[in-house]
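> can't give you the sequence, but here's the structure:
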């Protein structure tokens, strides 16, 4: 796949050089500004595959600054104090059973992992736009008995879409790929640690 992508990029680069050279030659023959025609042709050839690069980067950074992060609304110790003796009796569900849901015409999906009799780990991904390839990701650890969220993690990835994960908005446009917001990997690790802490005893 990588070799195919490189070949496509190489072919497009050669075509672009040819188009720019042709525009310069055309301008020179007709007494027009060759630099202006050459730069205009180069800009057009860049915008054909890369028109969405600037708006994708800008919107991704905006949502990262506005909404991303990791929050603990109630620590495990606080939960244990409110539910004495319960944590010690919880047993991890073997095989990580889950329930899946697709919504918004395939632009969103949710996987609910049934950790034990008390806690669910809910992972949701949704496209924020039908135009720009940016995915909003949210994870929650939830006490299903009390319908209470103990921890929440929000992140944004660019370069793919939920509905069309492998396609023009995916690996082909590698220059748009950005898996996490700044600090997102750390926040994801904190969520994994919290989720693991409420799994219960393995038997």
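Cool, the structure landed. Values in this document were obtained by computation on a predicted structure and should not be read as measured data. Numbering: from 1, shown residues only.
> for the chain, longest helix please?
If you go by DSSP state H, the chain has its longest helix at helix 2-29.
> Give me the helices and strands touching it, please.
Under the contact criterion of 3 or more CB pairs under 8 Å, 6 or more residues apart in numbering; DSSP states H and E, helix 2-29 touches helix 34-50. All C-beta spots, glycine's among them, are computed from the backbone N, C-alpha and C.
> Within its local environment, how many residues does residue 47 see?
Residues lying near residue 47 (other CB atoms under 10 Å) number 12.
> The residue most central in space within the chain and residue 43: what is the separation?
Centroid-nearest residue in the chain: residue 157, 2.4 Å away (criterion: CA atoms, centre = their mean). To residue 43, residue 157 is 28 Å away according to CB to CB, to the nearest Å.
> What of residue 34?
Counting by CB to CB - residue 34 and residue 43 are separated by 15 Å.
> How is the chain partitioned into domains?
1-51, 52-197 (automatic domain parsing).
> Quick one, which of those domains gets closest to residue 203.
domain 52-197 (5.6 Å; CB to CB).
> Endpoints of the closest one, how far apart?
41 Å (CA to CA, to the nearest Å).
> Any stretches of the protein with poor pLDDT?
1-6, 8-9, 165-173 (pLDDT under 70).
> just the helices in it please.
2-29, 34-50, 53-67, 76-82, 184-197.
> residues contacting residue 59?
128-129, 132, 134 (CB atoms under 8 Å, 6 or more residues apart in numbering).
> Distance check, residue 111 against residue 97.
11 Å.
> So these two - more neighbours on which side?
residue 111 (14 against 10).
> so the more buried one sits right up against residue 123, yeah?
Yes: when contacts are counted by CB atoms under 8 Å, residue 111 is listed as touching residue 123 (4.8 Å).
> How many residues are close by residue 94?
Counted with other CB under 10 Å, residue 94 comes out at 8.
> can you pull the buried residues of the longest helix of the chain?
By 16 or more other CB atoms under 10 Å, the buried positions in helix 2-29 come out as 16, 20, 23-24, 27.
> Relative to residue 77, which of those residues is nearest.
For the buried residues of helix 2-29, the nearest to residue 77 is residue 16 (60.0 Å; CB to CB).
> about what we covered before: selection in PyMOL covering whichever of the contacts of residue 59 are buried, please.
Listed next is the PyMOL selection for buried residues among these, using 16+ other CB under 10 Å:
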select buried, resi 128+132+134
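> Determine which stretch of the domains of the chain is the most buried.
domain 52-197 (a mean of 16; mean count of other CB atoms under 10 Å).
> How far off centre is that one?
10 Å (CA atoms, centre = their mean, to the nearest Å).
> contact partners of stretch 193-203?
By CB under 8 Å, 6+ apart, stretch 193-203 touches 72, 76, 87-88, 90-92, 115-116, 118-119, 121, 139, 141, 150-151.
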